[in-house]
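Trainee: sharing a sequence plus its predicted fold:
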Amino acid sequence: MSTPPLADLRKEHERSELDESMAARVPLEQFRVWLNDALSAKVPEPNAMTLATVGHDGRPSTRVVLIKGFDERGLVWYTNYQSRKGRQLAANGFAALQFHWVELERVVRIEGRVEFSDPAEADAYYASRPLASRIGAWASAQSEVLDSRLDLVKRTAEMGVKYGLNPPRPPHWGGYRLVPDYWEFWQGRRSRLHDRICYKHQPDGLWLRQRLSP
């Protein structure tokens, strides 16, 4: 079966709109509204976000991670510090995030510097995870070459025996927080005349809100 020509694929966006009178004064509140909309609409994995990082070699890479918290300090996710993204963040402490809620025809883009989250918060989140996930954090040398899945299964079993029902948080696993200095909210509109509202953090601590061309 042949693949339809990609150039012929079309979709009109007409679910909603976003103008300056509707947009919140600060981006965190606008994000809170849109995330709640995504949760209420029961879109698949509303907490999934694409994380983009760049290492010493200047090559960008992306992957999907899950947001696990956000407040005035920034947005938090958890991962292996020794993974490819961890190594890239150690080399270049800036990153970008993107949420794409297809069903709502909405995208949120966030850029800023990245820091480690509070160790106590990481401990609390790690303790809240299912046991299998906690053991998995010990078993997986994330992003390293693996000879076979069987090796991973064996390693997981070994870590389960070693740590039992109460594994401690691995020293190589924890949280990152992106501290935003730029937000963009994209709402799909008809004829590709999309609404784009961005917020840029200013030296006085306030946010400059602007409309961008689609």
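Mentor: Okay, I see it. Predicted, not measured: the structure shown is a model, and the values here were computed from it.
Trainee: the strands in this structure, which residues?
Mentor: Chain-ordered strands for the chain, with DSSP state E as the definition, fall at 48-54, 60-66, 69-71, 74-80, 94-101, 106-116, 173-187, 195-201, 207-212.
Trainee: with mean neighbour count added, can I get those in CSV?
Mentor: C-betas here are computed from N, CA, C, even on glycine. CSV is the format used below for the strands of the chain (neighbours: other CB atoms under 10 Å):
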stretch, mean neighbour count
strand 48-54, 19
strand 60-66, 13
strand 69-71, 14
strand 74-80, 20
strand 94-101, 19
strand 106-116, 19
strand 173-187, 21
strand 195-201, 19
strand 207-212, 14
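Trainee: mind putting these into a markdown table with distance to Trp138?
Mentor: Converted to a markdown table, the strands of the chain look like this (distance: least, CB to CB, whole Å):
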| stretch | distance to Trp138 |
| --- | --- |
| strand 48-54 | 23 |
| strand 60-66 | 19 |
| strand 69-71 | 23 |
| strand 74-80 | 10 |
| strand 94-101 | 26 |
| strand 106-116 | 19 |
| strand 173-187 | 8 |
| strand 195-201 | 38 |
| strand 207-212 | 41 |
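Trainee: ok, the residue nearest to the spatial centre of the chain - contacts?
Mentor: Geometric centre of the chain, nearest residue: Met49, 3.4 Å, by CA atoms, centre = their mean. With contacts defined as CB atoms under 8 Å, 6 or more residues apart in numbering, Met49 is in contact with Val64, Val65, Leu66, Ile67, Leu75, Trp77, Leu97, Gln98, Phe99.
Trainee: try it again with 10 Å
Mentor: Met49 makes contact with 64-67, 75, 77, 96-100, 108-110, 178 under the criterion CB atoms under 10 Å, 6 or more residues apart in numbering.
Trainee: that older thread, and the strands of the chain: which comes nearest Gln142?
Mentor: Proximity to Gln142, assessed across the strands of the chain by CB to CB, is greatest for strand 74-80 (3.9 Å).
Trainee: tell me the angle the closest one makes with strand 60-66.
Mentor: If you take axes from the mean of the first three to the mean of the last three CA atoms, to 10 degrees, strand 74-80 sits at 100 degrees to strand 60-66.
Trainee: would you put the C-alpha positions of strand 74-80 in PDB?
Mentor: Only the C-alpha atoms of strand 74-80 are listed here, as PDB (Å, rounded to 0.1, in the frame of the first residue of the first chain):
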ATOM      1  CA  GLY A  74      10.100  26.600  37.000                       C
ATOM      2  CA  LEU A  75       9.200  23.200  35.500                       C
ATOM      3  CA  VAL A  76      10.500  19.900  36.900                       C
ATOM      4  CA  TRP A  77      11.200  16.500  35.500                       C
ATOM      5  CA  TYR A  78      13.200  13.500  36.700                       C
ATOM      6  CA  THR A  79      15.800  11.400  34.900                       C
ATOM      7  CA  ASN A  80      19.200   9.700  35.000                       C
END
